[in-house]
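[1] Have a look at this fold, sequence not included:
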């Protein structure tokens with residue numbers, strides 16, 4: 001769904017979920033501004049028993065000039081309207097029409113814009129992306145696709161704070177679109193600081209204190225679990241940060257329960273457990289999770305949870321998942337590991353076109369850069385022999401000119417990422433950390449083809465594996481059952497993982 005699809009309707013009512021948070025308010029305000037500037041009769045509302053009362057939200061409304069109406073009695077709203085329904089279009093934002101966290105108001109036409117797990121499937125006009133950290137990001141991306149440039153600092157600050165709040169002060173960002181919006185928006189930093197420092201109430205201070213007393217601790221794996229009372233997601237992060245300062249605790253999960261599901265925060269202080277990877281594991285199949293290596297978080301849909309675990313208490317679920325994570329994961333240090341290739345088959349890389357960029361063709365030697373991909377950010381410095389490869393999944397990895405010349409042939413043809421990758425949900429970008437400029441990496445790419453001299457040994461994984469590769473001792477690659485463990489024939493310490501969905505598109509079995 002595109003915003004231009006909704007231009008046929010008038011008036012337009014934008015509804016935040018009950019007890020709206022910063023993300024819902026910001027998302028609704030952005031849509032209110034967009035449709036208002038296009039001449040629509042538009043209003044921004046929320047319902048439920050309680051008016052907005054949190055200090056940070058009241059300051060946000062005041063300083064950013066946001067007008068949002070509280071509809072305490074929706075029946076009065078539609079009392080005098082034809083067929084007792086809102087005319088035109090009702091857009092629910094940061095929630096889904098008919099879900100448990102938003103008052104259902106009858107309307108002639110309904111659209112949904114949300115970033116949570118899909119709960120409502122019978123609304124045709126829906127744009128739902130649960131992989132994003134905030135609904136603000138989704139709205140920003142939809143506005144951008146309509147050519148609507150955000151120059152207003154107040155609107156930029158609102159969207160920035162919406163993402164900031166929903167990702168625990170950016171510690172739980174894992175989607176590159178979230179990062180792009182954070183970096184691109186005009187924002188008044190002093191206001192964000194004001195909102196941030198008005199976030200904790202005395203009641204929430206008590207919630208944090210009580211939660212810390214009631215914890216589960218596992219001394220085999222040094223993890224702790226805490227269930228908190230319902231509170232702002234940022235409070236979960238506060239509890240997690242404090243808990244991780246306990247000497248015996250290496251990993252912690254703090255969560256609370258709402259009508260919609262379970263919001264959780266993850267912390268890790270050891271390199272063998274990346275918080276973002278653990279968060280994704282905890283939510284796999286029933287929600288979404290991610291963030292940074294040390295700080296992450298996620299959300300589990302109660303609807304999906306109850307389908308998969310109808311009788312399991314939430315504390316038992318988190319304990320079971322954590323034990324499963326540790327019990328069934330092998331850790332490999334490629335520099336030290338003596339790999340047994342006796343049960344591995346030999347493969348040769350297919351002659352398929354991939355992208356490459358010679359870094360010095362883009363920026364001068366010594367420039368600090370960040371390559372942003374769907375898999376995360378990669379920091380590096382432009383060196384004379386640095387070649388940046390773009391794989392068939394849109395993944396990016398570094399190479400050296402000497403190795404590149406031995407293993408690949410340059411075709412001289414122009415490169416188009418949509419023609420040579422399996423999925424193009426996000427195109428990798430190059431960020432110049434000196435001046436903040438952003439470039440589309442594919443715009444500078446050429447095409448190369450493997451010569452057939454790349455031989456590997458590989459086998460299908462039957463359990464979860466973490467590999468600290470020869471080129472990175474601090475971050476690991478994750479292999480899941482069904483993926484392939486691979487090692488180069490000419491270097492038995494060059495061990496890595498190839499995801500199952502691209503292994504047979506990339507390699508052929510070597511003839512006996």
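    Thanks, I have it. Since the model is a prediction, treat every value here as computed from it, not as a measurement.
[2] pretty sure residue 133 contacts residue 162?
    No: using C-beta atoms under 8 Å, residue 133 makes no contact with residue 162, being 9.8 Å away. Every residue, glycine included, has its C-beta placed from N, CA and C.
[3] Quick one: name whatever helix or strand follows the strand or helix carrying residue 255.
    Here residue 255 sits within strand 251-257, counting by DSSP states H and E. Using DSSP H and E, the helix or strand that follows strand 251-257 in sequence is strand 261-268.
[4] Packing partners of that following strand?
    Counting contacts by 3 or more C-beta pairs under 8 Å, 6 or more residues apart in numbering; DSSP states H and E, strand 261-268 is packed against helix 233-243, strand 251-257, helix 275-283, strand 287-291, strand 295-301, helix 302-308.
[5] Export the ones you listed as TSV, with columns for mean pLDDT.
    Compiled in TSV, these are given as follows (pLDDT from 0 to 100):
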stretch	mean pLDDT
helix 233-243	84
strand 251-257	94
helix 275-283	90
strand 287-291	79
strand 295-301	85
helix 302-308	91
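[6] Secondary structure element holding residue 330?
    Taking DSSP H and E as the criterion, residue 330 maps to strand 329-333.
[7] Ok, residue 163 next?
    Residue 163 belongs to helix 153-166 when assigned by DSSP H and E.
[8] Tell me the helices and strands packed up against that helix.
    Counting by 3+ C-beta pairs under 8 Å, 6+ apart, the packing neighbours recorded for helix 153-166 are helix 22-37, helix 55-64, helix 135-145, helix 176-184, helix 189-196, helix 233-243.
[9] Okay, now the unreliable bits of the stretch 401-512 of the chain?
    By pLDDT under 70, the weakly predicted segments of the stretch 401-512 of the chain are 423-424, 512.
[10] so where do the strands sit in it?
    With strands called from DSSP state E, counting those that start in this stretch, the stretch 401-512 of the chain shows them at 408-414, 429-432, 438-440, 446-450, 455-460, 464-468, 476-479, 484-488, 491-498, 507-509.
[11] Does anything pack onto the last one? Which helices or strands?
    Secondary-structure packing of strand 507-509 (3+ C-beta pairs under 8 Å, 6+ apart): strand 345-349.
[12] Within the sheet, what are the partner strands of the strand it packs on, with directions?
    Its sheet considered, strand 345-349 pairs with strand 455-460 (antiparallel), strand 507-509 (antiparallel) by DSSP bridges.
[13] quick one: buried residues of the last one?
    What it means is strand 507-509. Within strand 507-509, the residues that count as buried by 16 or more other C-beta atoms under 10 Å are residue 507.
[14] Now do that strand: everything it contacts.
    With contacts defined as C-beta atoms under 8 Å, 6 or more residues apart in numbering, strand 507-509 is touched by 345-350, 456, 458, 498.
[15] let's go with 6 Å and repeat that
    347-350 (C-beta atoms under 6 Å, 6 or more residues apart in numbering).
[16] will you turn these into JSON lines that also has pLDDT?
    As requested, the contacts of strand 507-509 are arranged in JSON lines below (pLDDT from 0 to 100):
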{"residue": "347", "pLDDT": "90"}
{"residue": "348", "pLDDT": "88"}
{"residue": "349", "pLDDT": "83"}
{"residue": "350", "pLDDT": "84"}
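[17] before we move on, back to that, packing partners for the strand holding residue 330?
    Applying 3 or more C-beta pairs under 6 Å, 6 or more residues apart in numbering; DSSP states H and E, one finds that strand 329-333 contacts strand 464-468.
[18] angle of the strand it packs on against strand 491-498?
    Counting by axes from the mean of the first three to the mean of the last three C-alpha atoms, to 10 degrees, strand 464-468 lies at 130 degrees to strand 491-498.
[19] in its sheet, what does strand 464-468 sit against?
    Its sheet considered, strand 464-468 pairs with strand 329-333 (parallel), strand 476-479 (antiparallel) by DSSP bridges.
[20] Contacts only, for residue 498.
    Shown in contact with residue 498 (C-beta under 6 Å, 6+ apart): 484, 486.
[21] Residue 324 - that's part of a helix, no?
    Yes: membership of residue 324 in a helix is supported by DSSP: H, G, I helix; E, B strand; the rest coil.
[22] quick one on the thing from earlier: just tell me which of the strands paired with strand 464-468 ends up closest to residue 191.
    Closest approach to residue 191 among the strands paired with strand 464-468 is made by strand 476-479 (38.8 Å; C-beta to C-beta).
[23] confidence score at residue 341?
    The score at residue 341 is 91. That number is its pLDDT.
[24] my guess is it contacts residue 457, does it?
    Yes: between residue 341 and residue 457 there is a contact at 4.6 Å, judged by C-beta atoms under 6 Å.
[25] what about these two, which has more around it?
    Between residue 341 and residue 457, counted using other C-beta atoms under 10 Å, residue 457 has the larger neighbour count: 21 against 14.
[26] Setting aside sequence neighbours, what's the nearest residue to the more buried one?
    In this structure, residue 457 finds its nearest non-sequential neighbour in residue 344, 4.0 Å apart by C-beta to C-beta, 6 or more residues apart in numbering.
[27] How about residue 264?
    Spatial nearest neighbour of residue 264, excluding adjacent residues (C-beta to C-beta, 6+ apart): residue 255 at 3.7 Å.
[28] Measure how buried the one you found is and give me the count.
    Close neighbours of residue 255, defined as other C-beta under 10 Å, add up to 27.
[29] And residue 256, how far from residue 204?
    Distance, residue 256 to residue 204, by C-beta to C-beta, to the nearest Å: 11 Å.
[30] who's more crowded, these two?
    More crowded of residue 256 and residue 204, by other C-beta under 10 Å: residue 256, with 22 against 18.
[31] Can you get me a residue count around the nearest residue to the more buried one once chain neighbours are set aside?
    Among residues not flanking residue 256 along the chain, residue 228 sits closest, at 4.4 Å (C-beta to C-beta, 6+ apart). Other residues within reach of residue 228, judged by other C-beta under 10 Å, total 23.
[32] next one: residue 462
    For residue 462, using other C-beta under 10 Å, the count is 10.
[33] separation between it and residue 485?
    Distance, residue 462 to residue 485, using C-beta to C-beta: 10 Å.
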